[in-house]
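A.B. asks: Take a look and give me a structure for this.
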Amino acid sequence: MHERSSSRRRRLGTGSIALSLGLCLCAGQLVGTPASAAPTTTAVQAAAAAAATPQINTKVSTKKLAYGKKVRIKITLRDRKTGKAVSKGVVRFQALRKNKWQTWTNKKVPASGNLSYDAKPLVSGYFRVYYVGTGNLKSVGSKKVYVSVVNSGTKIISEANKHVGALYKYGASGPKRFDCSGFTKYVYKKAAGRKLPHKANSQQKYGKKIAKSKKQVGDLIIIRSGSYGYHAGIYAGGNKFYDSPRSGKRVSKRKIFSSNYVVRRLV
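C.D. replies: As a prediction, the model looks like this:
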């Protein structure tokens, strides 16, 4: 009787130990599981906070350039914490257009952390360099820089050249057919926003008077008879101009055919 009781107590003891061990294991599992699970939001935020923000040093070759010219943008990427070159990732050279950053090009960061890009902006505006974060480096944009594009004769000539071959038509002012003053009127309005009357004699009263020896590409040329202006064209350099000659002819670049002319600068 006593022995059986003792046996029962031993069996109960064993079971209790087993149960206790089981609870301990379960508790151990419950405690261990979070340690091996995905990082908590707090951990992710902490890791993000620990990421370094690269330093972007930007230089431009000029902040004011003529239309059609290029500006060289040079950048140097450095790790703010170590001072060493950022040697990985991608940068975007961007321009601000209509309140949105538009990417000109993407470039991979070389081991030196130094990059350059030759941009050809056609309008004045802001640009920046944006570094796309990677690893322990944050994404960051550089300070925006304003580059001014100056209207120049190059812009006028570029527009005039687009219409070479257009057939002459009296009284026409584009975009497919022109007479002489209709051609100059259209080009200056399209390329530079300048409004001119549709008559050569009237056009010679617009803009700034320029000496013949000082004329530049894009200047307005008015051929005269006495003091009356009867033909208009756009100076193309080398004593040539773009014009729409006469009935049966087409817009072309040719020699200025008279020495009696005046030069007016409109841009």
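A.B. asks: Could you chop this structure up by domain?
C.D. replies: Following automatic domain parsing, one gets these domains for the chain: 51-150, 153-265.
A.B. asks: and those as TSV, adding mean neighbour count and mean pLDDT?
C.D. replies: In short, each C-beta sits where N, CA and C put it, glycine included. Converted to TSV, the domains of the chain look like this (neighbours: other CB atoms under 10 Å; pLDDT from 0 to 100):
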stretch	mean neighbour count	mean pLDDT
domain 51-150	15	91
domain 153-265	18	96
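A.B. asks: And the helices in the chain, which stretches?
C.D. replies: Shown for the chain, the helices assigned by DSSP state H span residues 2-36, 41-50, 153-162, 180-192, 200-203.
A.B. asks: any idea of the mean pLDDT in the first one?
C.D. replies: By that I understand helix 2-36. For helix 2-36, mean pLDDT rounds to 41.
A.B. asks: So what sits opposite R264 in the bridge?
C.D. replies: For R264, the beta-bridge partners are K209, L220 (DSSP bridges).
A.B. asks: Surely it and S202 touch.
C.D. replies: No - counting by CB atoms under 8 Å, R264 does not reach S202; the two are 11.5 Å apart.
A.B. asks: Give the closest residue to the residue minimising distance to the centre of the chain in space, chain neighbours not counted.
C.D. replies: Compute the mean C-alpha point of the chain, and by CA atoms, centre = their mean the closest residue is A95, 3.2 Å away. Of all residues not flanking A95 in the chain, F127 sits nearest, at 4.8 Å (CB to CB, 6 or more residues apart in numbering).
A.B. asks: Report the contact partners of that neighbour.
C.D. replies: Going by CB atoms under 8 Å, 6 or more residues apart in numbering, F127 touches 73, 93-96, 104, 119, 121, 144-145, 147.
A.B. asks: so what's it bridging to?
C.D. replies: For F127, the beta-bridge partners are A95, V145 (DSSP bridges).
A.B. asks: do the same with the one 10 residues further on
C.D. replies: Following DSSP bridges, L137 is listed with bridge partners A52, T134.
A.B. asks: Next, work out how far apart it and P175 are.
C.D. replies: Distance of L137 to P175, given as CB to CB, to the nearest Å: 51 Å.
A.B. asks: follow-up on the earlier one: so the residue nearest to the centre of the chain makes contact with W101?
C.D. replies: Yes - between A95 and W101 there is a contact under CB under 8 Å: 7.4 Å.
A.B. asks: Just put the contacts of F127 in CSV and tack on distance to A85.
C.D. replies: Putting the contacts of F127 into CSV (distance: CB to CB, whole Å) gives the following:
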residue, distance to A85
I73, 18
F93, 19
Q94, 22
A95, 26
L96, 28
W104, 23
A119, 23
P121, 28
K144, 23
V145, 22
V147, 26
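A.B. asks: Can you tell me which of those residues comes closest to G207?
C.D. replies: Distance to G207, by CB to CB, is smallest for P121 among the contacts of F127, at 25.5 Å.
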